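>>> sequence plus predicted model, see below.
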Amino acid sequence: MSTHQTLDRWVSEMAALCSPADIVWVDGSTEQKRALEEEAAGKGELIRLNQSRWPGCFYHHTAANDVARTEHLTYICCRSREDAGPTNNWMAPDEGYRKAGEYFRGSMRGRTMYVIPFSMGLLGSPFSKIGVELTDSIYVVLNMLIMTRAGSSVLRELGGNGAFTKGLHSKAGLDENKRLILHFPEDNTIWSVGSGYGGNVLLGKKCLSLRIASHLGRREGWMAEHMLIMGLEAPDGKISYLAAAFPSACGKTNLAMLVPPEPFRRRGYKVWTVGDDIAWIRIGPDGRLWAVNPETGFFGVAPGTNSRSNPNALETIRRNTIFTNVLRTEDGDVWWEGGEEPFPTAGINWAGLRWRAGMKDESGKPVPAAHPNSRYTAPLSQCPIASPEWNNPNGVPLSAIIFGGRRSGLVPLVYESFNWQHGVYVGATMSSEITAAQYGKQGQVRRDPMAMMPFCGYNMADYFSHWLEIGRRLEHPPKIFHVNWFRKDENGSFIWPGFGENLRVLDWIIRRTNGSTGAVETPLGLVPAAGDLDLSELPLSGRAMENLFAVNPEEWTDELAERRHFLEQFGDKLPSGIMAEHQALRKRLGR
Ligand code: OXD
Ligand code: MN
């Protein structure tokens with residue numbers, strides 16, 4: 001029970017629908033957390049790892065049919081279909097409540113309903129939003145305690161009549177045919193049923209912090225973005241902040257926790273992690289953009305994480321971490337493809353099968369140890385380079401916004417947009433090649449504006465207008481850049497070394513924002529002039545640099561046609577400024 005009548009009434013109504021055996025309010029205390037861990041371990045929902053090697057860590061695995069976000073079962077339920085736009089699944093609110101209501105009815109029989117009051121953002125910050133998630137999963141409770149600020153303090157902040165997002169989740173039967181992830185932006189409500197996978201059920205994350213928040217942001221004049229936030233400290237001690245949007249599988253977490261290359265480290269460059277996934281951005285009283293990370297943890301992809309690719313992530317997940325769908329060894333260790341050596345010789349793989357190194361399936365394919373989308377949930381406070389500013393209620397001022405994608409051709413290593421409107425066009429036409437980790441044909445290009453395609457809670461054309469409107473209101477807009485770490489040479493090899501070396505590009509970006517370096521104009525935007533990019537101690541040939549920055553107009557014909565086709569689906573709703581930028585690019589390329 002709380003002191004908030006609307007909240008109490010809603011909890012009672014949802015309990016009447018789902019029929020739990022009892023109701024437990026999550027208070028955020030260590031005692032309650034320990035008791036829940038104990039209970040989950042007792043029921044086998046979590047497995048305690050070897051505590052001397054992995055203190056405070058647990059293992060969990062989801063159903064085999066429930067290992068990733070289910071975009072085809074994710075809907076925006078607003079009254080008018082047009083408000084959801086052509087890139088979202090849409091369902092009428094009445095139908096959504098009716099359909100999911102059938103799946104929720106009696107779904108918690110014999111189970112406990114947990115009531116999790118949580119805050120996205122620091123309590124009391126002007127950026128923050130409060131949510132309450134009702135769930136029948138202890139795994140969800142324990143993840144939410146890592147990813148959000150949850151517990152009784154949130155109820156105190158909510159008081160007797162504060163606004164909150166209503167989130168209802170039930171695993172129900174974990175039946176794919178009875179799974180729905182529904183968002184009712186007009187009711188500030190989320191209903192998620194039939195799944196136990198993080199991205200579908202940790203309702204503070206994608207559902208609230210992006211889909212519902214993007215809707216609230218449009219209404220209230222701020223932005224909810226799928227962006228990492230990082231600080232880059234220069235040798236003089238000045239820290240500049242960047243926010244960057246990349247589609248999945250482009251290394252967002254690695255970039256947020258980047259280790260500078262040796263020559264930069266020696267000179268005193270440092271990176272500070274503010275967030276790896278979500279940025280809430282507002283216009284500050286000084287006319288600049290300010291950003292917070294509303295989360296308190298990382299829900300990161302495990303495979304490929306090792307002490308070379310991301311030593312800071314590896315250090316972060318050494319304790320108090322929940323591992324999902326990785327390999328577990330008999331002696332309570334965990335492992336994943338691309339993880340640390342020594343490699344295990346045997347264990348229980350993500351699907352619960354006895355696994356041996358080198359094992360093949362009937363068709364001769366290697367049997368994976370960890371699922372490619374296996375995850376770790378770890379507290380941000382444990383990141384060795386966590387920025388002290390991640391707890392600043394006013395956020396950090398942004399010097400630059402970076403968009404990026406995975407393109408083996410066409411797109412230079414880095415370019416700067418000419419102005420805000422051009423930058424919004426650059427974000428709106430973002431794209432990435434599909435990798436082995438995603439559904440779809442490998443190499444095929446997928447459009448993903450601002451990396452928000454699966455997360456924008458309203459019509460994407462209105463979202464572009466909102467970006468343009470924010471730009472009009474900004475006295476000191478950050479510069480907007482585009483990067484592509486993935487350009488390949490004629491032999492199909494990556495030209496740019498990536499990882500820590502990406503700092504060289506970030507350094508140019510920051511120096512562009514403070515006017516201390518030059519650039520040359522190309523049809524796409526501004527690129528570093530020869531010598532502007534600091535390549536000290538990086539053996540990269542002049543030819544490689546030429547290939548990295550080449551803009552070949554004749555190669556752009558198909559890309560321009562695809563962009564146009566993509567933008568035309570928004571019809572009259574597409575802001576004219578976006579099409580004007582498209583035409584201007586076409587002209588500059590002479591196509
Ligand atoms: C994520 C995603 O899990 O973008 O962050 O899918
Ligand atoms: Mn994400």
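Everything's here; your move. Ligands and ions are numbered 1, 2, ... in the order given.
>>> helix or strand for the residue lying closest to Val424 once chain neighbours are set aside, which one?
If you skip the residues right next to it in sequence, Val424 has Trp467 as its closest partner in space, 4.6 Å away by CB to CB, 6 or more residues apart in numbering. In this view, the C-beta of every residue, glycine as well, is placed from N, C-alpha and C. Element membership of Trp467 [criterion: DSSP states H and E] is helix 460-473.
>>> and that helix, what's buried?
Within helix 460-473, the residues that count as buried by 16 or more other CB atoms under 10 Å are Met460, Ala461, Asp462, Tyr463, Phe464, Ser465, His466, Trp467, Leu468, Ile470, Gly471.
>>> save those as a markdown table, and put in pLDDT and distance to Leu535 too.
Converted to a markdown table, the buried residues of helix 460-473 look like this (pLDDT from 0 to 100; distance: CB to CB, whole Å):
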| residue | pLDDT | distance to Leu535 |
| --- | --- | --- |
| Met460 | 98 | 38 |
| Ala461 | 98 | 41 |
| Asp462 | 98 | 42 |
| Tyr463 | 98 | 37 |
| Phe464 | 98 | 36 |
| Ser465 | 98 | 40 |
| His466 | 98 | 38 |
| Trp467 | 98 | 33 |
| Leu468 | 98 | 36 |
| Ile470 | 98 | 35 |
| Gly471 | 98 | 33 |
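>>> ok, which stretches of the stretch 151-300 of the chain are helices?
Taking DSSP state H, counting those that start in this stretch, the helices of the stretch 151-300 of the chain run over residues 152-158, 198-201, 213-220, 252-256, 262-267.
>>> for ligand 1, which of the ones you listed is the nearest?
Across the helices of the stretch 151-300 of the chain, ligand 1 has its closest neighbour in helix 198-201 (4.9 Å, CB to the nearest ligand atom).
>>> just give me how far that closest one sits from the chain centre.
Here the centre of mass of C-alpha atoms in helix 198-201, compared against the chain's by CA atoms, centre = their mean, to the nearest Å, lies 12 Å away.
>>> could I get the average pLDDT for it?
Averaging pLDDT along helix 198-201 gives 95.
>>> out of the buried residues of helix 460-473, which two sit at the greatest distance?
By the measure CB to CB, Met460 and Gly471 form the most distant pair in these, at 16.8 Å.
>>> which segments of the chain make up each domain?
What the record gives for the chain is the domain set 5-45+70-220, 225-294+387-589, 298-382, from automatic domain parsing.
>>> what does the stretch 101-250 of the chain put close to ligand 1?
Contact residues, the stretch 101-250 of the chain versus ligand 1 (CB under 6 Å from any ligand atom): Gly199, Ser248.
>>> and the pLDDT for the residue nearest to Ala243 when sequence neighbours are not counted?
Here the nearest residue to Ala243 in space, its sequence neighbours aside, is Met227; by CB to CB, 6+ apart that works out to 4.3 Å. Reading off the per-residue confidence, Met227 sits at a pLDDT of 98.
>>> how about the contacts made by Met227?
Ala243, Ala244, Ala245, Gly275, Asp277, Ile278, Ala279, Ala291, Ile401, Ala451 (CB atoms under 8 Å, 6 or more residues apart in numbering).
>>> with those residues in mind, which one is nearest to ligand 1?
Each of these was checked against ligand 1 using CB to the nearest ligand atom; the closest is Asp277, at 4.8 Å.
>>> the closest one contacts Gly297, correct?
No - with contacts counted by CB atoms under 8 Å, Asp277 stays clear of Gly297, the gap being 9.8 Å.
>>> these two - which one has more neighbours?
Neighbour totals were compared for Asp277 and Gly297, and Gly297 leads with 28 against 24 (other CB atoms under 10 Å).
>>> report the contact partners of that one.
Taking CB under 8 Å, 6+ apart as the criterion, Gly297 is in contact with Ile146, Met147, Thr148, Thr377, Ala378, Pro379, Leu380.
>>> let me have those in a markdown table, adding pLDDT, secondary structure and neighbour count as columns.
Shown next, in a markdown table, are the contacts of Gly297 (pLDDT from 0 to 100; DSSP: H, G, I helix; E, B strand; the rest coil; neighbours: other CB atoms under 10 Å):
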| residue | pLDDT | secondary structure | neighbour count |
| --- | --- | --- | --- |
| Ile146 | 98 | helix | 24 |
| Met147 | 98 | helix | 26 |
| Thr148 | 98 | coil | 29 |
| Thr377 | 98 | strand | 25 |
| Ala378 | 98 | strand | 25 |
| Pro379 | 98 | strand | 19 |
| Leu380 | 98 | helix | 21 |
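>>> that's a helix at Asp8, yeah?
Yes - Asp8 sits within a helix when classified using DSSP: H, G, I helix; E, B strand; the rest coil.
>>> how many neighbours does it have?
The number of residues packed around Asp8, counting by other CB under 10 Å, is 13.
>>> point out the residues in this protein that sit beside ligand 1.
Listed as neighbours of ligand 1 in the chain under the rule CB under 6 Å from any ligand atom: Arg69, Gly199, Ser248, Asp277, Phe299.
>>> from these, which has minimum pLDDT?
In terms of pLDDT, the least confident member of these is Ser248, at 81.
>>> what's around it, how many residues?
Here the number of neighbours of Ser248 (other CB under 10 Å) works out to 19.
>>> got phi/psi on it?
Here the main-chain torsion angles of Ser248 (degrees, to the nearest 10) amount to phi -60, psi 160.
>>> OK, contacts around Ala16?
Counting by CB under 8 Å, 6+ apart, Ala16 touches no other residue.
>>> okay, helices next: where are they in the stretch 351-500 of the chain?
Counting by DSSP H, counting those that start in this stretch, the segments of the stretch 351-500 of the chain that form helices are 420-428, 460-473.
>>> dump the ones you listed into a markdown table; add distance to Arg48 as well.
Formatted as a markdown table, the helices of the stretch 351-500 of the chain follow (distance: least, CB to CB, whole Å):
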| stretch | distance to Arg48 |
| --- | --- |
| helix 420-428 | 44 |
| helix 460-473 | 44 |
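>>> can you verify Asp534 is assigned to a strand?
No - when classified by three-state DSSP, Asp534 is found to be coil rather than part of a strand.
>>> that one: how many residues sit nearby?
Using other CB under 10 Å, the number of residues around Asp534 comes to 19.
>>> I figured it hits Ile510, correct?
No - using CB under 8 Å, Asp534 makes no contact with Ile510, being 11.2 Å away.
>>> pretty sure the residue nearest to Val424 sits against Met223.
Yes - here Trp467 lies in contact with Met223, judged by CB under 8 Å, at a distance of 7.5 Å.
>>> okay, the angle between the helix holding Trp467 and helix 213-220?
Computed by axes from the mean of the first three to the mean of the last three CA atoms, to 10 degrees, the angle separating helix 460-473 from helix 213-220 equals 50 degrees.
>>> show residues contacting helix 460-473.
Contact partners of helix 460-473, identified using CB under 8 Å, 6+ apart, comprise 83, 85-88, 214, 217-218, 221, 223, 283, 289, 420-421, 424, 427-428, 449-450, 452-453, 456, 477, 570-571, 573-575, 577-578.
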